[in-house]
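one predicted model, sequence on top.
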Amino acid sequence: MNVDRRRFIGSAAGMAATAGVAAGWLWPKHSVSYRRPRSCVAILNAAEYSEKIDTLLMDGLRLFRLNLLGKTILLKPNLVEDLPGPVNTNANIIGAAAHCFLRLGATRIVIGEGPGHQRDTELVVQAAGLKSHLADRRIEFVDLNRDELVRAKMKANYSGLGKLWLPRSILDSDFVVSMPKVKTHHWAGVTLSLKNMFGIVPGMKYGWPKNLLHWHGIHESILDICATVPIHFVIADGITAMEGNGPLQGTARELGKIVLADDPVAADATCARLMGFDPLRVQHLSEAGRFLGNLRADRITMLAESLEAPIRPFAVLPDFHYLLARTDM
Amino acid sequence: MARSAEVSAIEKTLLQRQLPSGGWSFFRSEQASLETTCLAGLALGSASHRSAVSTVRFLKASQLSDGGWPAFQGDSEEAWTTALALCALTVLNETSDESDRALRWLQGMRGKEGHWFWRWKFKTADRHVRFDPDKYGWPWVSGAASWVIPTAFSVVAIKQFTVCNRSEVSEKRIHLGVDMLLDRACVDGGWNSGNSVVYGVPLRPHVEATAIALLALQDERRSELIERSMAWLKKEVARVDSVSSLAWSVLSLFVYQEAVEALKNRLATIMRDGHDIRNSATLATAILALKCGEMIHPFEVLR
């Protein structure tokens, strides 16, 4: 068979392109999998931020039979800006979580955050009302934007970042608890326990905002970060949540829930359902369901209240209407 | 007099935190941060010749091969801290080959929208954030867009270093940087990280970013926007108790000949001997603010 040179080159290029596309589909983009057969979620009803949260949270945490004896716990709240409204994880929930984990046997609590917009972390901590909760010497705040950094190889490769400098406090902790505020987000759709981990990326290296991650893809970066720094537990503040133009300019939405989970994907999928969204339509969450945890409702055991879709879904910007779940969910 | 004793105590605290490498870290770590080292060197340099010498030595040793500085010791990638390092070398009177190389690095560095393709994308397809992509400045780190604080420090550094002999390239970058800052200002004045309006909604300015942006504009024409931003800063700083924001506001308002004594007194009261301020960069900035008017202002631009 005679094959002229032009045709040969054309065929070879076509095959190479096909192989490249196939490799993208077949070659796994992650070297870890944290997905277990089943995950547990507890939805707690809480109408307001009060002193009763300590008891409520303690009762909720006991449902999970966590082994925390002697461990250093890193609480990663969502502290973004010194703004009024439901922008930050409520300080009473952060404080209550810290005290509950100490009572459950932890020896040290590190509250770590690296705000992505406001460079003055002290201002954010003051405005969030966190200072009074740091009186106990076993509870310490660490500015993750300015912590000592260690270069970590990413355990997933969605973003192409390859390696990332990460705070030593995060890498040295035994048990990472993501504590998001339940909010809509004008770039990522939602900001829940997975997106909350953007805050561990140090501003000292990547700036304010952590714009390099945006250039590498927000959803892709979330997946890589959460593969590299696994979240062991989630406490999501959904008492007063945010809808519309989140994460800063949205409006308050009284949801009246705290969501606890031993799996961040199950936590975020549950929160998304509580918001009236289809979790499969949140890009990073859908992909996270392949290896970071359980997305499907039939793989999630509800330990407390049952999951009910809201009468009125959370308001979203027009670009995010696709997130809304069909009413026959 | 009383304040001078307080400042001496704070200086002593900062000096005690110097690492064997000659640098300083933000918190208690052995990993020196360039931002902290530059600010600490500037804060202690006027009072202690030894500190000035060790800072300069550290900066010279940590400069990367193409003229930039990393954000922290151990990193091999240049960052926005190059602008701070150039300011420090200029103010500490160490204008050498290292400074020339830093200037060239700053002249060559630009935010990602400095490339025609991304400018085109921001003009046509990606319009959620309101800004003019033709007006670009400097990124925090290579491969990202321009932001307010790195642009402001780069503008100050180039203005200071080239005050006696400014090339066309430097002039062009200064103008572009100034235009970028003016373009990214918030609707009612002031600056945040660099997003003034997102999805049609105006975002709020930040005290620290506003103070630093104003430092970069100190020798520009006092436009209505600058006046509005100053007014916002003066009003807002009155309710702020954070040391860093307060200190940057003092440094900024001082170069505009605004009264800063009351702010300095408030800062001194919060600071006491500085032991409770764990962030050494904040401690250094506070010293600079408390000594404002008594030493060379590290970010003042001569006209």
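Yep, it's here.

how about the helices in the chain?
Picking chain A for this. A:5-26, A:52-62, A:91-103, A:121-128, A:168-172, A:203-206, A:211-215, A:218-228, A:264-274, A:283-288 (DSSP state H).

right idea, wrong chain: chain B
According to DSSP H, the helices that chain B contains are B:2-16, B:34-45, B:49-62, B:81-91, B:97-108, B:116-124, B:148-161, B:168-183, B:207-216, B:224-237, B:243-255, B:261-271, B:280-290.

so, low pLDDT: which residues of chain B?
B:1-2 (pLDDT under 70).

the helices of chain B: which one's closest to B:Tyr199?
Closest approach to B:Tyr199 among the helices of chain B (CB to CB): helix B:116-124, 15.0 Å. Every residue, glycine included, has its C-beta placed from N, CA and C.

relative to B:Val148, which of the helices of chain A is closest?
helix A:211-215 (11.9 Å).

how about B:Leu225, what does it touch?
Contact analysis of B:Leu225 by CB atoms under 8 Å, 6 or more residues apart in numbering or on different chains lists B:Leu182, B:Ala185, B:Gly189.

you'd agree the second one is up against B:Ser196?
When you say that, I think you mean B:Ala185. Yes - counting by CB atoms under 8 Å, B:Ala185 touches B:Ser196, with 6.3 Å between them.

point to the residue nearest the middle of chain B.
B:Phe153 (4.3 Å; CA atoms, centre = their mean).

would you mind measuring from that residue to A:Thr121?
19 Å (CB to CB, to the nearest Å).

kindly report the same for B:Ser252.
20 Å.

of the two, give the one with the bigger neighbour count.
With neighbours defined as other CB atoms under 10 Å in any protein chain shown, B:Ser252 and A:Thr121 compare such that B:Ser252 has more, 29 against 23.

residues of the stretch 51-200 of chain A that sit close to chain B?
A:81, A:83, A:117-120, A:122-123, A:126, A:143, A:146-149, A:165, A:168, A:186 (CB under 8 Å from any CB of the partner chain).

residue 222: neighbour count?
Picked chain A for this. 27.

my question was about chain B
B:Arg222, neighbours per other CB under 10 Å, totals 11.

tell me how far A:Leu75 lies from B:Tyr136.
38 Å.

so what's B:Val198 up against?
B:Val198 touches A:His186, A:Asn245, A:Gln249, B:His128, B:Val129, B:Arg130, counting by CB under 8 Å, 6+ apart.

state the distance from the closest residue to A:Ala241 other than its chain neighbours to chain B.
In space, and not counting its chain neighbours, A:Ala241 is closest to A:Val182: 4.0 Å by CB to CB, 6 or more residues apart in numbering or on different chains. A:Val182 sits 20 Å away from chain B, going by CB to the nearest CB, to the nearest Å.

pLDDT score assigned to the closest residue to A:Gly85 other than its chain neighbours?
Leaving aside its sequence neighbours, A:Gly85 sits nearest to A:Ala252 (CB to CB, 6+ apart; 6.0 Å). At A:Ala252, the pLDDT value in this model is 97.

kindly report the same for A:Thr327.
Confidence for A:Thr327, expressed as pLDDT, is 58.

over to A:Met15?
On the pLDDT scale, A:Met15 gets 69.

same thing with A:Ile9?
65.

contact partners for the residue nearest to B:Pro202 when sequence neighbours are not counted?
Closest residue to B:Pro202 in three dimensions, ignoring its sequence neighbours and counting by CB to CB, 6+ apart: B:Val187, at 4.1 Å. B:Val187 is in contact with B:Ser196, B:Val197, B:Pro202, counting by CB under 8 Å, 6+ apart.

residues in a beta bridge with the last one, which ones?
The one in question is B:Pro202. B:Val197 (DSSP bridges).

give me the neighbour count for it.
B:Pro202 has 14 nearby residues by other CB under 10 Å.

the second one too?
When counting by other CB under 10 Å, one arrives at 15 neighbours for B:Val197.

doesn't B:Leu203 make contact with it?
Yes - applying CB under 8 Å as the test, B:Val197 and B:Leu203 come out as touching, 6.8 Å apart.

picking that back up, what sits against the residue nearest to A:Gly85?
A:Gly85, A:Pro86, A:Thr240, A:Ala241, A:Met242.

filter the residues you listed down to the ones in strands?
Of the positions in these, A:Thr240, A:Ala241, A:Met242 sit in strands, assigned by DSSP state E.

just the CA trace of stretch A:48-67, in PDB.
In PDB, the C-alpha atoms belonging to stretch A:48-67 read as follows (Å, rounded to 0.1, in the frame of the first residue of the first chain):
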ATOM      1  CA  GLU A  48     -30.100  31.100  66.200                       C
ATOM      2  CA  TYR A  49     -26.600  31.600  67.400                       C
ATOM      3  CA  SER A  50     -26.900  31.100  71.100                       C
ATOM      4  CA  GLU A  51     -25.100  29.500  74.100                       C
ATOM      5  CA  LYS A  52     -27.200  26.400  73.400                       C
ATOM      6  CA  ILE A  53     -24.900  25.700  70.400                       C
ATOM      7  CA  ASP A  54     -22.300  24.100  72.600                       C
ATOM      8  CA  THR A  55     -24.700  21.400  73.800                       C
ATOM      9  CA  LEU A  56     -26.200  20.900  70.400                       C
ATOM     10  CA  LEU A  57     -22.800  20.500  68.800                       C
ATOM     11  CA  MET A  58     -21.600  18.200  71.500                       C
ATOM     12  CA  ASP A  59     -24.600  16.000  71.100                       C
ATOM     13  CA  GLY A  60     -24.100  16.000  67.300                       C
ATOM     14  CA  LEU A  61     -20.400  15.200  67.500                       C
ATOM     15  CA  ARG A  62     -21.000  12.300  69.800                       C
ATOM     16  CA  LEU A  63     -23.100  10.600  67.100                       C
ATOM     17  CA  PHE A  64     -19.900  10.100  65.100                       C
ATOM     18  CA  ARG A  65     -17.800   8.300  67.800                       C
ATOM     19  CA  LEU A  66     -14.700  10.200  66.800                       C
ATOM     20  CA  ASN A  67     -11.300   9.100  68.200                       C
END
